[in-house]
Structure formats: structure tokens, C-alpha cells
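Enquirer: this one's sequence-less:
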């Protein structure tokens, strides 16, 4: 699948509020086309230089957009993680078997709500990791296209700059994702049969963060796999441990995820 189509698909499959935060790939591609199709006589002219400047200006604006959105989400995740931990503790301390006002029915109901909230929270963080991946990949591809069509040497220095940007540094989000997974396993243990049933039911619905999260994982795996065209500009390969979840999604999804 060409990157433009992949990006369009990702935008459609992410959260509605995120859809204008992705790379303006189409606009950047138009500028590359204008620069590369300009007559040789215009090369070096003020008009030619203006289009090149517009291209670099848009690239820098895109990076600022990514950073602003990414850091805002990171801050929100840190706050929400603390709130979720406090809510879980309060329910256990109040309604749990050893709580101040134990109630099996209320405890089960409240913990069910908490589990849904934390699973959705986990999904949003995975979507943000995918946001970082897909936008970095888009920048690398448009810069490669620019260098190839114009004979310029913009990709290497620009990517080196990108590697230092907040939106590319996903260590904190990855840590929060892992902590969230540990919390789910420790606080909400379920039998494998029940887990499989829940996954199938979520997939059948075909909506919400669950579906988007799995689609994001598939995309990250695809764009980060090793290949004959792998270079130092490529993201490292990603191995997905939850292959059963991916397999179930692919079997039930009416939309092919490539």
C-alpha cells in the first residue's frame, strides 16, 4: 500500500479529535511536485527559492504540530494514570472483600467499569505510539521523495533533527503502556477462555478504541518490519507478542489491514 493511502486509512481509524493532527502529506507532496517540475531555467530563481522555502516552512510547522499534540497527550496520560490508580484503590478499599463497606455486587460492577476505562486508556496510548510512528515514517518518505526528485540533500540533516523531537521520543508512553498492561493482569485477572470471548465480542462490534488499537498495532508492525529497503532512516522492527489478538481481528474484520 502506498503511504498516502496508508496515512488516509490511519486517519480514518484514529480518534476523531486526532484527525487533523497528522502529517499534511498531500500538501507536502504537491510542493515537491512543483519544485521538481519547475523548468531548469528557474532553478535558483526567487520563485523557485520561494517554493523550496514553503516546503521547509511547512515541514517545520508539521513538527511543531506533532510536538504540541504529543506532549499534550503525554501530560494527559500521566494525570489519567494517577486518577485510575486512585479510583481502583478506592473501590478495593471500600467495596472489596476486606473493604470498609464490602459489597460483592457493587464491587463487581465498579471493577467492571474500571476495567473498561483502563483498557480504553491503554488503547489511546497505543494509538499515540502509532501516531509517532506513522508521522515519522511520513516525514522520512516525503524527504526521500524530495531528495530524489530535486537532487537536494535535505533528508539526512532534517531526519537527524526529527530524532531529537519530543513526538519521536516514545519511551514515557511505552513505559505507561507496560504499566497499564501489568495493572490489567494484576487487578483484573481473567481466564483465557473469557479473554478470548471478550476479544471476539469487541471485534464483532467493530467500533471503538479496541478495533483502532489493533489496527494501529498492525500498522506499526508493517512500517517497522525489516526489508530489503531498510536503512538508518527506518524505524526498528516491531514484534507483537499478542498474535492471537491480531489473528482474531484479521479473521473478523471486513476491512483488510495491510
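Expert: Nice, thanks for sending it over. Fair warning: this is a prediction, and the values are worked out from it, not measured in the lab. Numbers count the residues shown, from 1 in each chain.
Enquirer: Distance-wise, check the nearest residue to residue 153 once chain neighbours are set aside relative to residue 119.
Expert: Leaving out its chain neighbours, the residue that sits closest to residue 153 by Cβ to Cβ, 6 or more residues apart in numbering is residue 147, at 6.3 Å. C-beta coordinates here come from the backbone N, C-alpha and C atoms, glycine included. The spacing between residue 147 and residue 119, counted by Cβ to Cβ, to the nearest Å, is 43 Å.
Enquirer: Repeat that for residue 79.
Expert: Distance of residue 79 to residue 119, given as Cβ to Cβ: 18 Å.
Enquirer: got it, and residue 11?
Expert: According to Cβ to Cβ, residue 11 stands 23 Å off from residue 119.
Enquirer: ok, back up a step: between residue 79 and residue 119, which one's more packed in?
Expert: Neighbour comparison, residue 79 and residue 119: the larger count goes to residue 119, with 17 against 10 (by other Cβ atoms under 10 Å).
Enquirer: quick one: the more buried one and residue 181 touch, right?
Expert: No. Taking contacts as Cβ atoms under 8 Å, residue 119 lies outside contact range of residue 181: 10.0 Å.
Enquirer: any idea which element the residue nearest to residue 153 lies in?
Expert: Here residue 147, judged by DSSP states H and E, is contained in helix 104-150.
Enquirer: Which pLDDT does the model give residue 30?
Expert: pLDDT recorded at residue 30 is 91.
Enquirer: burial measure for it, as a count.
Expert: 12.
Enquirer: Begin at 19 from now on, thanks
Expert: Yep, numbering from 19; the last one is residue 48 now.
Enquirer: ok, now how distant is it from residue 76?
Expert: Going from residue 48 to residue 76 by Cβ to Cβ gives 10 Å.
Enquirer: go on, residue 163?
Expert: 14 Å.
Enquirer: Repeat that for residue 99.
Expert: Taking Cβ to Cβ as the criterion, residue 99 is separated from residue 76 by 34 Å.
Enquirer: got it, and residue 22?
Expert: When residue 22 is compared with residue 76 (using Cβ to Cβ), they lie 16 Å apart.
Enquirer: Just say helix, strand or coil for residue 120.
Expert: Assigned by DSSP: H, G, I helix; E, B strand; the rest coil, the conformation of residue 120 is coil.
Enquirer: Next up, the contacts around it.
Expert: Going by Cβ atoms under 8 Å, 6 or more residues apart in numbering, residue 120 touches 113-114.
Enquirer: Tell me which residues touch residue 193, please.
Expert: Contacts of residue 193 by Cβ under 8 Å, 6+ apart: none found.
Enquirer: give me the number of residues near residue 38?
Expert: Counted by other Cβ under 10 Å, the residues lying close to residue 38 total 10.
Enquirer: Please report phi then psi for it.
Expert: Backbone torsions for residue 38, taken as degrees, to the nearest 10, come to phi -100, psi 10.
Enquirer: distance of it from residue 83?
Expert: Applying Cβ to Cβ to residue 38 and residue 83 gives a distance of 9 Å.
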